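Trainee: turn this into a model:
(chains A and B)
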Protein chains: 2
Amino acid sequence: MPIGLTRRQCLTLFAKLAGGSAALMQAANVLGLTSSPGNAPPIIFKAGSGQQKSVVMLGAGIASLTAALELSKAGFHCTILEASQRVGGRNLTVRSGDFIDEIGNPQICPFDPEPHLYFNCGPARIPAEHTALMHYCRELAIPLQLFSNYNTNCYTQDDKAFAGKPIRIREYETDLRGFMHELLGKNLSKQTMLDEGIGEVELERMMEFVRQAGDLNKDLHYVGSERAGFASGGITAPGKLKTPRKFEDILHSDFGLAAMYFMRFSDQAPAVMTPVGGMDKVVQGFLNKLDPKLVDIRLNCPVRAIQVSENTVDIEYEQQGVIKKLQADYCINAIPSQILLGITNNFSPPYLKAISKIQRGNLVKIGFQAKQRFWEDEHIFAGISWTNQDITQLWYPEHGFMQQKGVLLGAYSWEPDVTSRFMNMTHAQRLEVALTQGEKIHPQYRQYIENGVSICWQRMNHLLGCGSQWHPDDIEEHFTLLQQPEGRHFLVGDQMNLLPGWQEGAIRSSWLAMSHIRQELQASSGVQ
Amino acid sequence: MPIGLTRRQCLTLFAKLAGGSAALMQAANVLGLTSSPGNAPPIIFKAGSGQQKSVVMLGAGIASLTAALELSKAGFHCTILEASQRVGGRNLTVRSGDFIDEIGNPQICPFDPEPHLYFNCGPARIPAEHTALMHYCRELAIPLQLFSNYNTNCYTQDDKAFAGKPIRIREYETDLRGFMHELLGKNLSKQTMLDEGIGEVELERMMEFVRQAGDLNKDLHYVGSERAGFASGGITAPGKLKTPRKFEDILHSDFGLAAMYFMRFSDQAPAVMTPVGGMDKVVQGFLNKLDPKLVDIRLNCPVRAIQVSENTVDIEYEQQGVIKKLQADYCINAIPSQILLGITNNFSPPYLKAISKIQRGNLVKIGFQAKQRFWEDEHIFAGISWTNQDITQLWYPEHGFMQQKGVLLGAYSWEPDVTSRFMNMTHAQRLEVALTQGEKIHPQYRQYIENGVSICWQRMNHLLGCGSQWHPDDIEEHFTLLQQPEGRHFLVGDQMNLLPGWQEGAIRSSWLAMSHIRQELQASSGVQ
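Mentor: Model (predicted):
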């Protein structure tokens, strides 16, 4: 890729001129390599620069896998200690027979053993702008397909509007835009425009913009629009417009206040993709690429103590009831902060205080196996329905179209009070609540659902929560402090980024940690 | 599918009560079976009701394939006469080595022989609401995937705005919405709302709706939005908002007048899909299902004469320079009107006059093979860029992500003056124009393009045009007349529907023709 290479060469040049990773990261920012634009190359180590060096990664999620991949390429000996029985962290896709290790509420995934019947319990989509993750999808040859956050055939349902009946998103949006732009057209005075410094020619065009935005008639009235879909006809007979909903009803629904704009968020707008066959294809991609001679992954090994010395980090961990010790030159630590704070350590007080500032989000997802893809009979293929009930969303699978069965998402909730309600239920109770609430969107819901899984991340063993949240007041002092090494200990993971809950942040935090390691290696060896 | 069956049973009941296809179609309309909602069952014939009967289909496009599939199921002997060397009509996907039979401008598709390097010259997408086509995708087991009409990472480029520079759609849309809703917030007076019958509570909510729609600050000012993507940061450093564009610049661009709302059209809004591997998988699906004992497809057989008698239709066609005759009980005719009018016939004057009312749209598509998927370096995966230049659109493939090479659409034009310009060029000239114009969107365009195909449908042999257009004044008299049989001759195809250029219309016109045949069979046999 000539463009990528050129940028990378440019970056190397910057690094040589400025010497050091802080400058490198700054340059990378200027070049757009660390945020949305540009192609993101990983931290490149000089070949063999890690030989005779050891790194221990704590937690086998995406941050540690990233570090293990890059560091092992440079010859580092890598050990990953993972408390649970599996690799992947919150990247968790469940299929028939998989164990879901929720504390006090263990489940075995009851789906049929078919390749298209799986459920992404954690991350489920990859925005194209997440160039770090996209970089690894390319390097690890992970096939991607389109994901859909937005399907106008899906529903919005709100108990406060339309007598609680579900409304197709295309009807809701078309009517809302029609009414709002009609109001804009009516109220927009020439004088206001001139006051804004907008000339007469632009005013003329502005009115046409308003008309198009609302699909208004020539008198700037909204009288319905084919954008809402036809009431009848349109193919072998002339199409008849649907009667618009009452504006007041629309205003009583919360959809137009928030959810309607979800698909415009910078990290949710198209193009959004997903790995073919499940998000854990990313984990599998890393595992396929890691050299077992250089990367030793130890499962069921919870960490019990972390001691940072000047040139080493000492770890105590438990394996089959026995405490074991491990010393490494570097430690890349992805243990969730709320668990980390309970592990014996010798971190400095400011470092510990900063860790304590990390807030933890919660999240609930429910996946249902349907014996028939009833949503396809309603012309729904992928996308999200929204409701103001606790389940918040229904997702229809973006794969397996027209197969007999399918797995759909029956709840996706993140509000603290809502997730608490789900947390305090048995698995069976959660499914029952999700079915009952789902029936307000699909009255026939229950008859098609065969079984389901529920994941309350705040109860998941060894994780106890979902994405981190940083209070804006804590960023400058505490977040920035934690981006620096504590000796040769580096805190990574989703908790060390400002974009909660994305794999992208885990990777970039790992890259940042490695940039420090690389800088230290260069300083100690005198190699630029 | 219980729902579908119930509706079908209901439909049969209607038909029995009302007797006849006009009533049947009317009932179908009421039940939502012929337009967007509902599951669309095909015309069902009584088993064996076509035995000893013959049908000739003229033209081997989707309308005729539909008729051949359904009629052969009922035992009819079907002959399809096709003037060209291939089956599919305007459903044309080209791959390495395929012949493109443009009159005076023949091409051989120069793409590399790889499965993901293909180009849909005709239809390329299937809206979920096109239930007739979706019905056959299901019956014929054609795998579908998501298609994308809307990717916020794509560009809009207009010579009249932003100094002709391409702008990411997400930036354009976010800024336009921000400015427009700021204006709405400023100008919306309480009195106007009260005049509209909207109460004070709703006024309060309305302001919040306006704020959310534009992502305005608490003072209802638009100061930029993360919806436009961050200028920098956002992950390992706080995100910085982009500076909004000048409203005046946005108003000078035409994108907000039309193209911006393309993805809201009832037949272009998500969910839109496409067959995995190319649109001609639909054609292949029909061919796989047709029983060769009952369906005889004769290629390179242009029709020379059509004589309609009381109980038969006589066809003369040419095969290897020899005129041949064929008599059938029924004729389903999909020959494009502008060609049909030049074929000897004995149609009645009103029927002929009605045929002459069919207007023909033109369409140009250009497909380029790129040696590198350079758009993916710009985070574009699928979707459409728009320009006010003749090429109108660029489409980025929705498949083959992260492969080395890709085929992208380099022009999609339908305006008569634009398509005329392309028509009056050689193939090489068209590609050169498309490259030059494409460079305004992707400055590095030319260096990546290896070869291309161009299709001007108005010059394609045996078709001479694209989708039909019916003037609204002609529908009641002429379109409706042509929906009726002329003896046992039925005019079908995209030309016999009000939704130009979609396969859905071709199928539904064929269903309508078959409903007449079924009605006649029932009447003559006394069978209900």
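Trainee: and the strands in the stretch 301-450 of chain A?
Mentor: Listed in chain order, the strands found in the stretch 301-450 of chain A under DSSP state E, counting those that start in this stretch are A:303-308, A:313-319, A:322-328, A:330-333, A:344-345, A:359-360, A:364-370, A:384-387, A:393-395, A:406-413, A:449-456.
Trainee: so what are the sheet partners of the second one and their directions?
Mentor: Strand pairing for strand A:313-319, determined by DSSP bridges: strand A:303-308 (antiparallel), strand A:322-328 (antiparallel).
Trainee: neighbours around residue A:163, how many?
Mentor: Neighbourhood size, residue A:163 [other C-beta atoms under 10 Å in any protein chain shown]: 7. Yep, even glycine has a C-beta here, placed from its N, CA and C like the rest.
Trainee: need the strands paired with strand A:313-319 in a markdown table (columns: mean pLDDT, mean neighbour count and distance to residue B:453).
Mentor: Below are those laid out as a markdown table (pLDDT from 0 to 100; neighbours: other C-beta atoms under 10 Å in any protein chain shown; distance: least, C-beta to C-beta, whole Å):
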| stretch | mean pLDDT | mean neighbour count | distance to residue B:453 |
| --- | --- | --- | --- |
| strand A:303-308 | 98 | 18 | 60 |
| strand A:322-328 | 98 | 13 | 58 |
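Trainee: separation between residue A:87 and chain B?
Mentor: Taking C-beta to the nearest C-beta, to the nearest Å as the measure, residue A:87 falls 23 Å from chain B.
Trainee: for that residue, helix, strand, or coil?
Mentor: coil (DSSP: H, G, I helix; E, B strand; the rest coil).
Trainee: try residue A:475
Mentor: helix.
Trainee: ok, the one 3 residues further on next?
Mentor: Using three-state DSSP, the secondary structure recorded for residue A:478 is helix.
Trainee: surely residue A:118 is in contact with residue A:97?
Mentor: No: using C-beta atoms under 8 Å, residue A:118 makes no contact with residue A:97, being 11.5 Å away.
Trainee: in stretch A:265-283, what's buried?
Mentor: A:266-275, A:277-283 (16 or more other C-beta atoms under 10 Å in any protein chain shown).
Trainee: wait, stretch A:428-436
Mentor: A:430-431, A:433-435.
Trainee: residue A:118 and residue A:97: which has the busier surroundings?
Mentor: Using other C-beta under 10 Å, the more surrounded residue of residue A:118 and residue A:97 is residue A:118, with 23 against 10.
Trainee: tell me how far the closest residue to residue A:252 other than its chain neighbours lies from residue B:439.
Mentor: Nearest non-adjacent residue to residue A:252, counting by C-beta to C-beta, 6 or more residues apart in numbering or on different chains: residue A:161, 4.1 Å away. Separation of residue A:161 from residue B:439 (C-beta to C-beta, to the nearest Å): 49 Å.
Trainee: and if you look at residue A:159?
Mentor: 53 Å.
Trainee: next: residue A:296.
Mentor: Here residue A:296 is placed at a distance of 52 Å from residue B:439 (C-beta to C-beta).
Trainee: likewise residue A:350?
Mentor: Applying C-beta to C-beta to residue A:350 and residue B:439 gives a distance of 54 Å.
Trainee: go on, residue A:421?
Mentor: Counting by C-beta to C-beta, the gap from residue A:421 to residue B:439 is 56 Å.
Trainee: now distance to residue A:396 too, for the strands paired with strand A:313-319, in JSON lines please.
Mentor: Listed next are the strands paired with strand A:313-319 as JSON lines, based on distance: least, C-beta to C-beta, whole Å:
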{"stretch": "strand A:303-308", "distance to residue A:396": "40"}
{"stretch": "strand A:322-328", "distance to residue A:396": "46"}
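Trainee: quick one: closest of those to residue B:260.
Mentor: With C-beta to C-beta, the closest approach to residue B:260 among the strands paired with strand A:313-319 belongs to strand A:303-308: 52.8 Å.
Trainee: where does chain A have low pLDDT?
Mentor: A:1-41, A:526-528 (pLDDT under 70).
Trainee: residue A:207: what's it in contact with?
Mentor: A:185, A:188, A:220 (C-beta atoms under 8 Å, 6 or more residues apart in numbering or on different chains).
Trainee: what about it, which helix or strand?
Mentor: Assessed by DSSP states H and E, residue A:207 sits inside helix A:200-214.
Trainee: could you check the following helix or strand past that helix against chain B for contacts?
Mentor: Next helix or strand after helix A:200-214 toward the C-terminus (DSSP H and E): strand A:230-232. Yes: counting by C-beta under 8 Å from any C-beta of the partner chain, contacts between strand A:230-232 and chain B involve A:230, A:232.
Trainee: ok, which stretches of the stretch 1-150 of chain A are helices?
Mentor: Shown for the stretch 1-150 of chain A, the helices assigned by DSSP state H, counting those that start in this stretch span residues A:2-18, A:21-30, A:62-73, A:131-139.
Trainee: how about the last one: buried residues?
Mentor: Applying a neighbour-count criterion of 16+ other C-beta under 10 Å, the buried positions in helix A:131-139 are A:131-138.
Trainee: and the angle from that helix to helix A:62-73?
Mentor: 60 degrees (axes from the mean of the first three to the mean of the last three C-alpha atoms, to 10 degrees).
Trainee: can helix A:131-139 be found next to chain B?
Mentor: Yes: counting by C-beta under 8 Å from any C-beta, chain B has neighbours in helix A:131-139: A:131, A:134, A:137-138.
Trainee: and which of those is nearest chain B?
Mentor: Using C-beta to the nearest C-beta, residue A:138 comes nearest to chain B of those, at 5.1 Å.
Trainee: any idea how far the nearest residue to the closest one once chain neighbours are set aside is from residue B:210?
Mentor: Leaving aside its chain neighbours, residue A:138 sits nearest to residue B:402 (5.1 Å; criterion: C-beta to C-beta, 6+ apart). Computed as C-beta to C-beta, the residue B:402 to residue B:210 distance reads 41 Å.
Trainee: how about residue A:195?
Mentor: 19 Å.
Trainee: okay, those two: which has more neighbours?
Mentor: Between residue A:195 and residue B:210, residue B:210 has the larger neighbour count (other C-beta under 10 Å), namely 23 against 10.
Trainee: residue contacts, that one?
Mentor: A:180, B:181, B:184-185, B:188, B:216, B:220.
Trainee: go on, residue A:354?
Mentor: Residue A:354 touches A:474, A:477-479, A:481-482, counting by C-beta under 8 Å, 6+ apart.
Trainee: near the residue nearest to it when sequence neighbours are not counted, how many other residues are there?
Mentor: In this structure, residue A:354 finds its nearest non-sequential neighbour in residue A:478, 3.8 Å apart by C-beta to C-beta, 6+ apart. By other C-beta under 10 Å, the residues close to residue A:478 number 20.
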